[in-house]
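Asks: Fold the stuff below for me.
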Amino acid sequence: MFATIASAISACIAACGLFFAWRQSREATLRRADVLRWAEDAIDQLQTLLVICVLDEGELEPTFEREKLAAIMLTTSTLAERGRLFFKNEIRGDGHGQDKELAYQGYRPKILDQLVVAHQIARHWPLANADDRKIMLILAQDAARTFVSLAQQEVGRSKTASAVTKRAGDGRDLDELVKEFNRARLEQGSSFARARAEADVVVVATRSGAS
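Replies: I've put the predicted structure just below:
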């Protein structure tokens, strides 16, 4: 009788352990998925800002640029606040921010700092002078790269699914690729160009038949 009861208790304990382990695993998976979606939205904004900063004045239509910057300014502010759900401020015991609401006491996480910097760049870029824009460009680049590096540590894979994708690239840029390009391939053209040419022929033939 005692052995039967002991076995039942052991089984219950094991079942409870499995349940709690499953729940913790599920919560971790859900959190990772939520952080990943948030990080993807943030990267969109940071990279868009960086491209705007890289382009020379006049390369983007002014109205379009202003609209994009306004959107970045608003979205990065929202993303920074959403990020507080995942990353808490660090309390260092020096009383920093102790007069604020609980979520704002202490020091803001570094990953959120990058969004705040991006927000401020987007806000001040339109009226910034040439020298300040040079500085802002570097800061925008730093913010984007720092964010991706931190987000990768948080939600990135530790290992790739394939050994092929793990291989390092050669780091060549467009100038090098153009210089080393096999000119013989120009005779064939791209598959997209061939498909478009074939489509144009079909359109012309259809119109000729209709007339």
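
Asks: what sits against the residue nearest the centre of the chain?
Replies: Nearest to the mean C-alpha position of the chain, counting by Cα atoms, centre = their mean, stands I43 at 2.7 Å. I43 sits next to 144, 147-148, 151 when contact means Cβ atoms under 8 Å, 6 or more residues apart in numbering. No exception for glycine: its C-beta is placed from N, CA and C like everyone else's.

Asks: Assign it to one of the three secondary structure states.
Replies: Following DSSP: H, G, I helix; E, B strand; the rest coil, I43 is assigned to helix.

Asks: Can you tell me which of the contacts of I43 is closest to A168?
Replies: Closest approach to A168 among those (Cβ to Cβ): V148, at 17.4 Å.

Asks: Leaving out chain neighbours, which residue sits closest to the closest one?
Replies: Closest residue to V148 apart from its sequence neighbours, by Cβ to Cβ, 6 or more residues apart in numbering: I43 at 6.4 Å.

Asks: What of R82?
Replies: Here the residue nearest R82, using Cβ to Cβ, 6+ apart, is W38, at 5.8 Å.

Asks: Wait, that neighbour touches G83, no?
Replies: Yes. Counting by Cβ atoms under 8 Å, W38 sits close enough to G83 to count as a contact (6.5 Å).

Asks: All the helices of the protein, residue numbers only.
Replies: 2-54, 62-83, 110-124, 130-155, 163-166, 174-179, 191-210 (DSSP state H).

Asks: For the fourth one, buried residues please.
Replies: Counting neighbours by 16 or more other Cβ atoms under 10 Å, one finds that the buried residues in helix 130-155 are 136-137, 139-140, 143-144, 146-148, 150-151, 155.

Asks: Check which helices and strands it sits against.
Replies: Judged by 3 or more Cβ pairs under 8 Å, 6 or more residues apart in numbering; DSSP states H and E, helix 130-155 is in contact with helix 2-54, helix 110-124.

Asks: mean pLDDT lowest for which of these?
Replies: The weakest mean pLDDT among the helices and strands packed on helix 130-155 belongs to helix 2-54, with a mean of 73.

Asks: how many other residues sit next to the nearest residue to F87 once chain neighbours are set aside?
Replies: Using Cβ to Cβ, 6+ apart and skipping the chain neighbours, the partner closest in space to F87 is P109 (4.1 Å). Around P109 there are 17 other residues, counting by other Cβ atoms under 10 Å.
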